[in-house]
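Engineer: The sequence and its predicted three-dimensional model are supplied below.
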Amino acid sequence: MKNSNNKPAILETGTDNFGECPLPITGHETVQLAHGSGGKMMNQLIDRLFLWAFDNEKLNQLDDQAVLSIKGGRLAFSTDSFVIDPIFFPGGDIGELAVNGTVNDVSMCGAKPLYLSAGFIIEEGFPLIDLKRIVISMGEAAAKAGVKIVTGDTKVVNKGQCDKVFINTAGIGLLEGDYEISSHNLQPGDNLLVNGSVADHGMAVLSRREGLAFDMPIESDTAALNGLVSQLLQAGGDAIHAMRDPTRGGLAATLNEFAINSNVGIKIAQTRVPLKPEVAGACEILGLDPFYVANEGKLVVAVAEERTQAVLAAMQAHELGADAAIIGKVVAEDNGRVHVQTRIGAWRILDMLVGEQLPRIC
Amino acid sequence: MKYLDEYRNPEIARRILDEIHHVTTKPWVIMEICGGQTHSILKNGIDQLLPEQIELVHGPGCPVCVTPLEQIDKALVIAAGEDVIFTSFGDMLRVPGSEKDLLMVKSEGGDVRIVYSPLDAVALARKNPDKKVVFFAVGFETTAPNNAMAVWQAHREGLKNFSILVSHVLVPPAMEALLSSTRNRVQGYLAAGHVCTVMGWEEYIPIAERYKVPIVVTGFEPMDILEGILLTVKQLENGTATVENQYSRIVQREGNRPARDLIGKVFQISDRKWRGIGEIPASGLTLAPKYQEHDAEIVFDVSALKVDEPAECISGEVLQGLKKPFECAAFDTTCTPQTPLGATMVSTEGACSAYYLYDSTSLKKAGLASQETNK
């Protein structure tokens, strides 16, 4: 799978070409939920439709944010939409998530997030008390992250035309150093670090979904990571080559994007990835692989060997990184692939998810 | 995690592996019946660590994989109907029918929902008296008690709007069908631990005797599977063919009596078609006459639907252990989990999907198994 294919795509199999129109997905003539799941089908949609239509060098980077040089300065710009169900979940709500999500996307290139926009699409009949709760939560999250929500938009649609409330946020931030932090910049020899336990958010949300007959004492990890990022930059400087928050598609998606975009191999050890026992247990019961479950307060960092211990120490000293760990290494073989060493010492491929493991988790 | 970590311990794994290497003197073909075992073998890389003489072949024990095309087509017809809530375990949603899958029916407006228990579907029927709630009852003996309980409860409550589309298959008849085939290669079985949790293991004794194959009831964790392989190899090397129970912490000789009683009450044994294998006599379940008002095939009048299997996919041969997924020309080319040609590529328990995801054979070729990470 290529991530930066800017030519009109050709159908590989399935239904025939519709003239020159690049029907994005093999075998599908309509959009499926899996096209939004952060896995391979979403990447194909992006590759074969959006990149084809919008083709430009900034977008083609496919990082979580675009880095733009404007009049001598560098800005990071990103956007994200939030359609989570349920809108209130253990450890957070859609508003807090919408602020933190965009703050994190802006931060992952080393930028300092400054300003956000907020767009609301609200279903007719949605209780104002719930909307109030959501915007208070957004205000608090923005204050905590040190950003301001400076512009916005509100639309109300007929009942049934959206589900309660959808929120879009966009954010800009300032890149003060001359960092080149990107998923295209991993180097063989880099170590891969994560700031804590994986899969908390996805499992917390799942525990509140209809159809699950048990409660789990699991809270979402939703958090703004910009404070942690600035500590990491101080400790690691330009030895930090890549950062990404493993949201949809989980750790597996992020590591695969790293391996593909930088054309390197990645080796991780299963036993080194932090995982809370209750999250591990819930995943076992439901048959889910925690490597594919979403996080909202985690980041994966690729850092050169010589600064690894300093970056790890900085992570562990921060309130969002107490359980930080080195989970693996970037290598110069099996490029584009992620391998994981299993508990009993054998190796397997850690691929990206094809479709969806859970619908609408962020 | 208590009760799991003990069975994933690398030192114990190493010890059992050493013993397997020690006792193995000849080549042996062992089939693990259950898709859950296949998944665990590939996910943990167990096949990479075994002696070269031991070949694991992957059995027909993935319920999603053996569900015949016509049952899926029936599900698609029902799910697209007016006033229907069609419920299923997640895996079935992406299994291709003749033309589409349940997810596509959903995107076209069908009310298709994932549930984690058939009792959740009964609750939906209770909550939505003006809707017809259907549960896709797919599975082996393992899921039969839950499905029987759902029907029994719905019947007791008079929930006439609840029905199940039954696609239940039974393991022992399939094991016999494989053993009696002239192309059979299987010399020993790892029997499916969860199936035996419900049914016990007495019904395997005549099979082991008649076909002279050792059968070891085996669990799903790495230690379980390694121990199951060790017990099987020891029997093969010693020339014995008895039933042994590796999974004794869960499985009892007579199984789960109340669960078996409920299955016996709600279901009756019937002939069943298996995807890729064909019809096997007395190898499945249908609802007993008393409960037929909950049989979706009758409620929606779809029982006459007959569909032939596509020719291009070798999933039948994969399910019988005659071929490995990567021996298929379509594997990883036209057939991937995104564009599955056969059900074995769809379900995470399917052999093709497991090979696609974990790809341990090509790793073995590349010699990666001996390398270190994170020095």
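Structural biologist: Sure thing, it's come through. Numbering: from 1, shown residues only, chains lettered A, B, ... in the order given.

Engineer: contacting residues for the spatially most central residue of chain A?
Structural biologist: Closest to where the C-alpha atoms of chain A average out (C-alpha atoms, centre = their mean) is A:Thr247, at 3.1 Å. Neighbouring residues of A:Thr247 by C-beta atoms under 8 Å, 6 or more residues apart in numbering or on different chains: A:Gly38, A:Gly101, A:His201, A:Ala294, A:Asn295, A:Glu296, A:Cys362. C-betas here are computed from N, CA, C, even on glycine.

Engineer: Those residues, buried ones only, as a ChimeraX selection?
Structural biologist: A single ChimeraX command suffices to select whichever of those are buried according to 16 or more other C-beta atoms under 10 Å in any protein chain shown:
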select /A:38,101,201,294,295,296,362
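
Engineer: domain parsing for chain A?
Structural biologist: With domains defined by automatic domain parsing, chain A comprises A:1-62, A:64-175, A:191-349.

Engineer: Compute the mean per-residue pLDDT across the shortest one, please.
Structural biologist: Taken as a whole, domain A:1-62 carries a mean pLDDT of 63.

Engineer: ok, now the last one?
Structural biologist: The predicted model assigns domain A:191-349 a mean pLDDT of 92.

Engineer: Could you give the separation of that domain from the chain centroid?
Structural biologist: Relative to its parent chain, domain A:191-349 has a centroid offset of 11 Å by C-alpha atoms, centre = their mean, to the nearest Å.

Engineer: Can you show me the strands along the chain?
Structural biologist: Just so you know, I chose chain A. A:66-70, A:73-82, A:88-89, A:92-93, A:112-123, A:148-157, A:165-175, A:191-194, A:240-244, A:265-269, A:300-303, A:325-331, A:338-341, A:347-349 (DSSP state E).

Engineer: that's the wrong chain, I wanted chain B
Structural biologist: Counting by DSSP E, the strands of chain B are B:28-34, B:54-61, B:84-88, B:111-114, B:132-139, B:162-169, B:188-192, B:215-218, B:243-245, B:267-274, B:278-287.

Engineer: How about the residues of the stretch 201-350 of chain A by chain B?
Structural biologist: A:211-213, A:267-269, A:272, A:277, A:280-281, A:284, A:286-287, A:326, A:328-329, A:334, A:339, A:341-349 (C-beta under 8 Å from any C-beta of the partner chain).

Engineer: From B:Tyr358, how far out is the single nearest residue of chain A relative to chain B?
Structural biologist: The nearest approach of chain A to chain B comes at A:Ala346, 2.3 Å away (C-beta to the nearest C-beta). Going from A:Ala346 to B:Tyr358 by C-beta to C-beta, to the nearest Å gives 10 Å.

Engineer: hang on, the earlier thing: could the domains of chain A go into CSV alongside distance to B:Val66?
Structural biologist: Listed next are the domains of chain A as CSV, based on distance: least, C-beta to C-beta, whole Å:
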stretch, distance to B:Val66
domain A:1-62, 23
domain A:64-175, 34
domain A:191-349, 18
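
Engineer: quick one, which of these is packed in tightest?
Structural biologist: Of all the domains of chain A, domain A:191-349 has the most neighbours on average by mean count of other C-beta atoms under 10 Å in any protein chain shown, namely a mean of 21.

Engineer: follow-up on the earlier one: out of the strands of chain A, which comes closest to B:Asp111?
Structural biologist: Using C-beta to C-beta as the measure, strand A:112-123 is the one of those that comes nearest B:Asp111, at 18.9 Å.

Engineer: Give the buried residues for stretch B:89-100.
Structural biologist: The neighbour-count check on stretch B:89-100 (16+ other C-beta under 10 Å) flags B:Phe89, B:Gly90, B:Asp91, B:Met92, B:Leu93, B:Arg94, B:Val95, B:Pro96, B:Gly97, B:Lys100 as buried.

Engineer: Would you mind listing what in the stretch 51-200 of chain B touches chain A?
Structural biologist: B:94, B:103-104, B:106-108, B:113-117, B:119-120.

Engineer: Report pLDDT for the residue positioned nearest the centre of chain B.
Structural biologist: The structure's chain B has its C-alpha centroid closest to B:Cys62; by C-alpha atoms, centre = their mean the separation is 2.3 Å. At B:Cys62, the model reports a pLDDT of 80.

Engineer: correct me, but it touches B:Ala351?
Structural biologist: Yes: between B:Cys62 and B:Ala351 there is a contact at 7.3 Å, judged by C-beta atoms under 8 Å.

Engineer: Find residues that contact each of these two.
Structural biologist: By C-beta under 8 Å, 6+ apart, the residues touching both B:Cys62 and B:Ala351 are B:Gly35, B:Thr38, B:Leu319, B:Thr344.

Engineer: Of these, which pair is most distant in space?
Structural biologist: Greatest spacing in the shared contacts of B:Cys62 and B:Ala351, by C-beta to C-beta: B:Thr38 and B:Leu319 (10.8 Å).

Engineer: shared neighbours of those two, which are they?
Structural biologist: By C-beta under 8 Å, 6+ apart, B:Thr38 and B:Leu319 have these common neighbours: B:His58, B:Gly59, B:Cys62, B:Ala351.

Engineer: and which of those residues is nearest A:Ala53?
Structural biologist: B:Ala351 (39.1 Å).

Engineer: From chain A, how far off is that closest one?
Structural biologist: Distance of B:Ala351 to chain A, computed by C-beta to the nearest C-beta, to the nearest Å: 15 Å.

Engineer: for that residue, what are its contacts?
Structural biologist: Contacts of B:Ala351 (C-beta under 8 Å, 6+ apart): B:Gly35, B:Thr38, B:His58, B:Cys62, B:Cys65, B:Val318, B:Leu319, B:Pro325, B:Thr344.

Engineer: tally of neighbours for the second one?
Structural biologist: For B:Thr38, the tally of surrounding residues (other C-beta atoms under 10 Å in any protein chain shown) stands at 27.

Engineer: Identify the residue nearest it in space, chain neighbours excluded?
Structural biologist: In space, B:Thr38 comes closest to B:His58 once its chain neighbours are excluded; the distance is 4.5 Å by C-beta to C-beta, 6 or more residues apart in numbering or on different chains.

Engineer: For burial, what's the neighbour tally of that neighbour?
Structural biologist: Quick note: B:His58 (other C-beta under 10 Å) scores 30 neighbours.

Engineer: and if you look at B:Ala288?
Structural biologist: With other C-beta under 10 Å as criterion, B:Ala288 counts 15.

Engineer: can you tell me how far it sits from B:Ala282?
Structural biologist: Taking C-beta to C-beta, one finds B:Ala288 at 15 Å from B:Ala282.

Engineer: Same check on A:Asn191?
Structural biologist: For A:Asn191, the distance to B:Ala282 - C-beta to C-beta - is 58 Å.

Engineer: what's the closest of the buried residues of stretch B:89-100 to chain A?
Structural biologist: B:Arg94 (6.5 Å).

Engineer: Could you give the residue of the stretch 1-150 of chain B that lies closest to chain A?
Structural biologist: Using C-beta to the nearest C-beta, the closest approach of the stretch 1-150 of chain B to chain A is made by B:Gly45 at 2.3 Å.

Engineer: Nearest spatial neighbour of that residue, chain-adjacent residues omitted?
Structural biologist: A:Ala346 (2.3 Å).

Engineer: what do you get for B:Gly228?
Structural biologist: Per C-beta to C-beta, 6+ apart, closest to B:Gly228 is B:Thr218, 3.1 Å.

Engineer: Dig out what that neighbour forms beta bridges with.
Structural biologist: B:Ala192 (DSSP bridges).
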